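Asks: sequence first, then the predicted structure, then my questions.
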Amino acid sequence: MEKIILNGILVDSQTNFRKVILDINKNNLDIIKFNNDKFLVPSLELYFNLNCVKKVNFKKISQVLLMLGLKGKKLSDFPLSYSNSDKYKLLLATALINNSSCLLLVFPNLYLDDCNMNLILNVLKKLSKEYNKNIYIVSNQIDFLYRECDNLIIYKKNNILFNSNRNNLYEKKDLLLSNGYCLPPILNFIFETETMKKVKLSPTFDIKELMKDIYRNV
Amino acid sequence: MTNMLEIKDLSFKYDINYVFYNMNLNIKKNEFVYLIGTNNSGKTTLINILKNYPYDGQIYINGLEMCNKNSEKINKTMNIIDIDYVKKCKLTNMEEEITCEKSSDVLKDYELLQIKNNFFNKLSFLDKIKVIIFLNLINDFQFLIIDEIIDLLEYKDKIYIYKLIKKYQKKFKKSILVISNNSDGIIYAKRIMILNKGKIIFNDILNNIEKNDNIFNDLSIKLPFIVDLSIKLKLYNLIDKIYVDEKRMIKDIWRK
């Protein structure tokens, strides 16, 4: 059994992982979940919606909107008329203005298409590297998580099956498969190649690396 | 009359901004079409128009123009399955419906056997989606529009549902339009469309994606792994066609 310790608290099989993150980061966590639109008041203009999270100046709000690809939005707009993807990005904007040390994004790829997801991921990666923010993404899309996240925690009914760097995921393939998970498509291809042709390709999340490896092994 | 859905010169605007301007779209009878809609492309508006929003232009469902006098017949032909539908759906006799005569074949393929003894309202939201898609595949609706709910399922279930739709759409002669913001299910559809800023900018079969992959690149739409790898391996002359089955692709790469 893997163990996760977050700020000194053991996350074991009896503990809900998300609840622990919430407890630890009570005052310093923003949850970006579309249904949780408590920061967006439909009857308030966008500027006041964003400014009531934390008092910041006009320039800071404009910078955040620009960063998230929302520069066309007028601060006098009412957020009710926005599309789901824009609302999701506005929730993220409130979190960035709040300047929390920890962000928990819940199912972001349900609301964002690939183009917007790329944009958001670039912002999140920058926040993580340059500003030491902790970014958690909760999703049931294992291929997306494997492609984009450094570390993965995979659990089933509160049993932690995997808690490590994504580079170690291939080694745990049997455990995942026996628990009803499927491998990300790129790892499944590597697995099938090994099974069918006894050709060992190096596990990777990068399709270009896989291409090179295939070319070397043909 | 071979079209199940025919949209002619559809125009619609919010205030002064046109979402659609003279947009045309057809879905043939017994066809499985996959529509990728980028954010703000108009896919939710399109669904709302098909539900009841007023519009300019002409829309025909199975040859009937969408208007009040035909609404009863159209409601018996077309079903729109979206998140609202799943939330509002109440199946009081789920077990009976799942185990009806027509469903026996599908059940062999479907992992619903473990679900059927539960009450519908006690199922998780994701299990409800599976049950609803299953029942709509075997019921009398000739035209199903499945709007974004398959994206809620985990990867394994998503692929499983697409395979099931592909298989039974043909058997039960249904026209199916799946709407999504990603390309995960394109390899199972007969035809793929991309809706961007209210216009259909791609409308073709899977094998012709390669010639138009700039459209996908420009919109940053990630192709499914197997299609993406096929296109790249073709450039290196390691294979000569786009594969949808990885085992066949592996055999072809290491054929010598």
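Replies: Right, received. Where do you want to start?

Asks: quick check: residues of the stretch 151-256 of chain B near chain A?
Replies: Counting by Cβ under 8 Å from any Cβ of the partner chain, the positions of the stretch 151-256 of chain B adjacent to chain A are B:151-156, B:159, B:181-182, B:219-222, B:224-226, B:228-229, B:232-233, B:236, B:238, B:246-247, B:250-251, B:253-254. C-beta: built from backbone N, CA, C; applies to glycine.

Asks: buried subset of the residues you listed?
Replies: Neighbour counting with 16 or more other Cβ atoms under 10 Å in any protein chain shown marks B:151-155, B:159, B:181-182, B:219, B:221-222, B:224-226, B:228-229, B:232-233, B:238, B:246, B:250, B:253-254 as buried within those.

Asks: what about the helices in chain A?
Replies: Listed from the start of the chain, chain A has helices (DSSP state H) covering A:17-24, A:46-51, A:58-67, A:84-98, A:114-131, A:142-148, A:173-178, A:185-197, A:207-217.

Asks: and the third one with helix A:114-131, angle?
Replies: By that I understand helix A:58-67. 130 degrees (axes from the mean of the first three to the mean of the last three Cα atoms, to 10 degrees).

Asks: mind giving me the packing neighbours of helix A:58-67?
Replies: Packing partners of helix A:58-67 (3 or more Cβ pairs under 8 Å, 6 or more residues apart in numbering or on different chains; DSSP states H and E): helix A:46-51, helix A:84-98.

Asks: buried ones in the first one?
Replies: Translated: helix A:46-51. Quick answer for helix A:46-51 (16+ other Cβ under 10 Å): A:46, A:49, A:50, A:51.

Asks: ok, of these, which one's closest to residue B:8?
Replies: Of all those, residue B:8 sits closest to residue A:46, with 37.3 Å by Cβ to Cβ.

Asks: looks like the closest one contacts residue A:70 (just checking).
Replies: No. Under the criterion of Cβ atoms under 8 Å, residue A:46 is not in contact with residue A:70, lying 9.1 Å apart.

Asks: what touches both of these two?
Replies: By Cβ atoms under 8 Å, 6 or more residues apart in numbering or on different chains, residue A:46 and residue A:70 have these common neighbours: residue A:90.

Asks: could you find the closest non-adjacent residue to the residue nearest to the spatial centre of chain A?
Replies: For chain A, residue A:137 is the residue whose C-alpha lies nearest the centre (Cα atoms, centre = their mean; 2.8 Å). Spatial nearest neighbour of residue A:137, chain neighbours left out: residue A:105 (4.9 Å); criterion: Cβ to Cβ, 6 or more residues apart in numbering or on different chains.

Asks: can you list the weak-confidence ranges in chain A?
Replies: Low-confidence segments of chain A (pLDDT under 70): A:1-44, A:52-55, A:72-76, A:79-81.

Asks: quick one: name the residues of it near chain B.
Replies: Close to chain B, as judged by Cβ under 8 Å from any Cβ, chain A has residues A:81, A:83-86, A:109-110, A:112-116, A:118, A:140-143, A:180-182, A:184-186, A:188-189, A:192-193, A:196-197, A:199, A:207, A:210-211, A:214-215, A:218.

Asks: what's the farthest-apart pair in the buried residues of helix A:46-51?
Replies: A:46 and A:51 (9.3 Å).

Asks: quick one: residues contacting the residue nearest to the centre of chain A.
Replies: A:104, A:105, A:108, A:145, A:148, A:149.

Asks: phi, psi of the last one?
Replies: This points to residue A:149. phi -110, psi 150 (degrees, to the nearest 10).

Asks: for burial, what's the neighbour tally of it?
Replies: Using other Cβ atoms under 10 Å in any protein chain shown, residue A:149 has 19 other residues around it.

Asks: touching, it and residue A:166? I think so.
Replies: Yes. Between residue A:149 and residue A:166 there is a contact at 6.6 Å, judged by Cβ under 8 Å.

Asks: spit out the contact partners of residue B:70.
Replies: Counted by Cβ under 8 Å, 6+ apart, residue B:70 has contacts B:61, B:64.

Asks: so what's it scoring on pLDDT?
Replies: Here, the pLDDT recorded for residue B:70 equals 92.

Asks: then residue B:93?
Replies: 67.

Asks: what does stretch A:165-185 contact?
Replies: A:142-143, A:146-147, A:149-152, A:154, A:156, A:161-162, A:164, A:187-188, A:190-191, A:203, A:205, B:155-156, B:159, B:224-226, B:246.

Asks: rerun at 7 Å
Replies: A:142-143, A:146, A:149-152, A:154, A:156, A:161-162, A:187-188, A:190-191, A:203, A:205, B:155-156, B:225-226 (Cβ atoms under 7 Å, 6 or more residues apart in numbering or on different chains).

Asks: what subset of these is buried?
Replies: If we count by 16+ other Cβ under 10 Å, those have these buried: A:142-143, A:146, A:149, A:152, A:154, A:161-162, A:187-188, A:190-191, A:203, A:205, B:155, B:225-226.

Asks: what pairs with the strand or helix carrying residue B:4, parallel or antiparallel?
Replies: Assigned by DSSP states H and E, residue B:4 belongs to strand B:3-14. In the sheet, strand B:3-14 lines up against strand B:17-28 (antiparallel), strand B:56-61 (antiparallel) (DSSP bridges).

Asks: would you turn those into TSV with mean neighbour count and mean pLDDT?
Replies: TSV is the format used below for the strands paired with strand B:3-14 (neighbours: other Cβ atoms under 10 Å in any protein chain shown; pLDDT from 0 to 100):
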stretch	mean neighbour count	mean pLDDT
strand B:17-28	17	93
strand B:56-61	17	95
